[in-house]
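Undergrad: Build me a model:
(one chain, ligands or ions: 1)
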Amino acid sequence: MYTVPKLDDYSPAALDRAVADLFGALDAEIAALHSESDWKEFRDRWMARKNGVLTQVNDTWLKAAPKDAKRDVGQRVNELKARAEAAIDAAHEKIHASSAVTKLASERLDITLPGIRRPIGVKHPVLRVQDEIVAVFKAMGYSVGEGPEVETDYYNFESLNFPPNHPARDTQDTLFIAGQEQKAARDRLLLRTHTSPVQIRSMEKLAPPVRIVIPGKVHRNDPLDATHSPVFHQVEGLAVDTNITFSDLKGTLDHAMKSLFGSSVKTRFYPSFFPFTEPSADMQVSCIFCGGKGCRKCKFSGWIELLGCGMVDPNVFEFVKQNGYDSSKIAGFAFGMGVERIAILKYGVEEIQLFYEGDVRFLEQFA
Ligand code: DAH
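TA: Next comes the predicted model:
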């Protein structure tokens, strides 16, 4: 901190040096001021009447000056005082302004910040594939239908030509609703094991011709493993008209598979059995992963089994005969496919459970 030196040399050069030293010190102190209270302390030290630096200058320099130097020193001290006071005032203004700026800055409310963005979800991959399948058939003129998940034995089995106690029922491990023993067998409730019951429901409502796809959830008493889930999704299809043949079925499904998997995919039809179709077939697609060369995924056969289909069995039409389904005049084909199975193939998913766990790390890959 600056203290006023005693002067022995009152020559103009020595006075110039002393004044320059004083302002050097003054400027350094001003530069170190940060707050209003710093400034007040500083001002008092320099300007206090009693013993302030400027008073000391007066006492130490002017009063002690030899007679012949008094005039010059007096003038210099007056100038010095005026200059120092002006600098001290200016410092005050600067401190004041910058503390106002700091205050404003600390109170600043940045309304330009974005709000908290909640990521918008995307369609679940199963639903997405289901919608894609439906869209492929819609483009071919199919309408879309739905039916109940809690179904009667009649629609799930009997009207689809699974007679009571027929062994074909055992292929679909069914979850029955408890406590219905007093009801007639056909009225007993169960969780539908496939979307096929909506075939009959649709034909009861709509006279031929019909072309309809039916997406929905189905339930089976299957333990969960890499490829099976007790709850899964199917898309059912039904086309009934005059002159429908097996080649219509083949052409329709071949087109659908090319739409879903790309135009290079091939299809083939293998004999199979379903009570509600005759003849029945399993449709296979050329392996999505190896293009048909043979790999682990297709068990080195080059083909992957994808869905069941066939020509609607005349016994099925018997149940809706009164609505115009006379098997001597009309014919139809039907098919049913598992949505998860198609999603697994399309996206190369290793385990069906991933679809149901709701793990965002899995799901966001479909965003
Ligand atoms: N409902 C059958 C199942 O879940 C799949 C099926 C096969 C549906 C043949 C059909 C069909 O419409 O014609 O295994």
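Undergrad: Could I get the contacting residues of the residue in the stretch 51-200 of the chain that the ligand sits nearest to?
TA: Among the residues of the stretch 51-200 of the chain, His194 lies nearest to the ligand; the distance is 3.4 Å by C-beta to the nearest ligand atom. Where C-beta positions appear, they are placed from N, C-alpha and C, glycine not excepted. For His194, the set of contacting residues under the criterion of C-beta atoms under 8 Å, 6 or more residues apart in numbering consists of 156, 172, 218, 234, 236, 336.
Undergrad: redo that, cut-off 7 Å
TA: Neighbouring residues of His194 by C-beta atoms under 7 Å, 6 or more residues apart in numbering: 172, 218, 234, 336.
Undergrad: which non-adjacent residue is nearest the first one?
TA: Sequence neighbours aside, Thr193 is the residue nearest to Gln172 in space, at 3.9 Å (criterion: C-beta to C-beta, 6 or more residues apart in numbering).
Undergrad: wait, doesn't the one you found sit right on Asn156?
TA: Yes - with contacts counted by C-beta atoms under 7 Å, Thr193 reaches Asn156, the gap being 6.2 Å.
Undergrad: Neighbour count: those two, which is higher?
TA: In this comparison of Thr193 against Asn156, neighbours counted by other C-beta atoms under 10 Å, the higher total goes to Asn156 at 26 against 22.
Undergrad: Quick check: the more buried one touching Leu189?
TA: No - under the criterion of C-beta under 7 Å, Asn156 lies out of contact with Leu189, with a separation of 9.5 Å.
Undergrad: burial of Asp254, as a residue count?
TA: The number of residues packed near Asp254 is 17, by other C-beta under 10 Å.
Undergrad: Quickly list what Gly308 is bridged to.
TA: With DSSP bridges applied, Gly308 shows beta-bridge pairing to Asp282, Gly336.
Undergrad: quick one: it from the ligand, how far?
TA: In this structure, Gly308 lies at 3 Å from the ligand, with C-beta to the nearest ligand atom, to the nearest Å as the measure.
Undergrad: Run a quick neighbour tally on that residue.
TA: 22.
Undergrad: and it, what does it touch?
TA: Under the criterion of C-beta under 7 Å, 6+ apart, the contact list for Gly308 reads 272, 274, 280, 282, 335-336.
Undergrad: Now with 10 Å, please.
TA: Listed by C-beta atoms under 10 Å, 6 or more residues apart in numbering, the contact set of Gly308 reads 194, 196, 234, 272-274, 276-277, 280-283, 334-338.
Undergrad: what's the first-to-last distance across stretch 118-130?
TA: Between the opening and closing residues of stretch 118-130 we find a distance of 26 Å, counting by C-alpha to C-alpha, to the nearest Å.
Undergrad: what do you get for stretch 323-338?
TA: The first and last residues of stretch 323-338 sit 29 Å apart, counting by C-alpha to C-alpha.
Undergrad: again, but for stretch 176-192
TA: Using C-alpha to C-alpha, the span of stretch 176-192 from its first residue to its last is 9 Å.
Undergrad: can you pull the buried residues of the helix or strand where Arg83 lies?
TA: With elements delineated by DSSP states H and E, Arg83 resides in helix 67-106, which encompasses its position. By neighbour count, with 16 or more other C-beta atoms under 10 Å as the criterion, the buried positions of helix 67-106 are 69, 73, 76-77, 80, 84, 87-88, 91-92, 95.
Undergrad: Close to the ligand: what parts of this protein are there?
TA: If contacts are counted using C-beta under 6 Å from any ligand atom, the residues of the chain sitting beside the ligand are 194, 196, 236, 274, 277, 308-310, 334-336.
Undergrad: cutoff 5 Å now
TA: Where proximity means C-beta under 5 Å from any ligand atom, the interface of the chain facing the ligand comprises 194, 196, 274, 277, 308-310, 334, 336.
Undergrad: What's the local residue count around Lys321?
TA: Residues lying near Lys321 (other C-beta under 10 Å) number 12.
Undergrad: In this structure it contacts Glu204, no?
TA: No - counting by C-beta atoms under 10 Å, no contact exists between Lys321 and Glu204, whose distance comes to 11.0 Å.
Undergrad: who's in contact with the residue nearest the centre of the chain?
TA: Note on the chain: the residue nearest the mean C-alpha position is Gly121, at 4.3 Å, using C-alpha atoms, centre = their mean. Under the criterion of C-beta under 10 Å, 6+ apart, the neighbours of Gly121 are 360, 363-364, 367.
Undergrad: So for it, what's the pLDDT?
TA: Reading off the confidence values, Gly121 has pLDDT 84.
Undergrad: what helix or strand is it on?
TA: In this structure, Gly121 is located outside every helix and strand according to DSSP H and E.
Undergrad: repeat for Met203
TA: helix 197-205.
Undergrad: Buried residues in the next helix or strand after that helix, which are they?
TA: Under the assignment DSSP H and E, the closest C-terminal helix or strand after helix 197-205 is strand 210-219. In terms of neighbour count (16+ other C-beta under 10 Å), strand 210-219 has its buried residues at 210-216, 218-219.
Undergrad: so where do the strands sit in this structure?
TA: Listed in chain order, the strands of the chain (DSSP state E) span 143-144, 150-152, 189-191, 210-219, 231-241, 267-274, 277-286, 303-312, 331-338.
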